[in-house]
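> fold the following and give me the result.
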Amino acid sequence: MSQSVYDIPVKTIQGNDTTLNQYQGKVLLIVNTASKCGLTPQYEGLEKLYQDKKAQGLEILGFPANNFLAQEPGSDEEIQQFCSLNYQVDFPLFAKISVAGEDKHPLYQTLTQAIPERTGEGPWWKDLVDYGLTPNPKPEVLWNFEKFLINKNGEVVERFAPDITADDPRIVDAINAELAK
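Alright, predicted model coming up:
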């Protein structure tokens, strides 16, 4: 059996060692984030979703990553300031990690192995190719702001492409379904 997401060591954005154990019994949306990406404005929608649903048991967990065109070059402190000042991010952020490649963090090894296929593989893939980039093959994370939905038992139940925004009915409906269980 694969490792539970709850047991994997992570660091808070303040640099403290922790795990996701404190989120047991909650629905989680885990997102790899970046401050200098065309998708960065998604922080706004994610924060709105968090404010709308946190009382019902949703936690959004942001994991900054610098895997894609160096779009997250800052230190953890700089990332935290950016998110706070520009998007009033109140959902938990964690220390910068790698979400793809040989140095991929164990959390993302677990997430991508659990669900190798993304929902909503849309125009974003073609856009990357049109820009002359080679998108990561499955099951790797395609780009910043890919989203993994975790149920109250810590199981990965859904995976959404980077360009599926927080207000997309596919995400909202999936979250509502998990919160109702």
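> show me where the chain has strands.
Per DSSP state E, the chain carries strands over the ranges 10-11, 17-18, 27-33, 58-64, 147-150, 156-160.
> could you find the closest non-adjacent residue to the residue nearest to the spatial centre of the chain?
The centroid of the chain falls nearest to residue 31 when counting by CA atoms, centre = their mean (0.8 Å). In this structure, residue 31 finds its nearest non-sequential neighbour in residue 147, 5.1 Å apart by CB to CB, 6 or more residues apart in numbering. No exception for glycine: its C-beta is placed from N, CA and C like everyone else's.
> show me what the one you found bridges to in the sheet.
residue 31, residue 160 (DSSP bridges).
> touching, it and residue 28? I think so.
No - using CB atoms under 8 Å as the test, residue 147 is too far from residue 28 to be in contact (10.2 Å).
> re the thing from before, measure the residue nearest to residue 31 to residue 4 for me?
19 Å (CB to CB, to the nearest Å).
> give the contact list for the residue nearest to residue 31.
Residue 147 sits next to 29-31, 159-160, 162, 164, 171 when contact means CB atoms under 8 Å, 6 or more residues apart in numbering.
> low pLDDT regions in this protein?
1-3 (pLDDT under 70).
> switch to 80 and redo it
Applying pLDDT under 80 to the chain flags residues 1-3, 121-125.
> report how many residues lie close to the residue lying closest to residue 86 once chain neighbours are set aside.
For residue 86, ignoring the flanking residues on the chain, the nearest one in space by CB to CB, 6+ apart is residue 43 at 7.3 Å. Neighbours of residue 43 under the rule other CB atoms under 10 Å: 23.
> and what of residue 109?
So residue 109, with other CB under 10 Å, has 15 neighbours.
> any idea how far residue 103 is from it?
11 Å.
> quick check: the gap between residue 88 and residue 47.
Using CB to CB, one gets 6 Å for the distance from residue 88 to residue 47.
> returning to what we had before: possible to save the strands of the chain as JSON lines with distance to residue 81?
Shown next, in JSON lines, are these (distance: least, CB to CB, whole Å):
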{"stretch": "strand 10-11", "distance to residue 81": "17"}
{"stretch": "strand 17-18", "distance to residue 81": "21"}
{"stretch": "strand 27-33", "distance to residue 81": "14"}
{"stretch": "strand 58-64", "distance to residue 81": "12"}
{"stretch": "strand 147-150", "distance to residue 81": "24"}
{"stretch": "strand 156-160", "distance to residue 81": "27"}
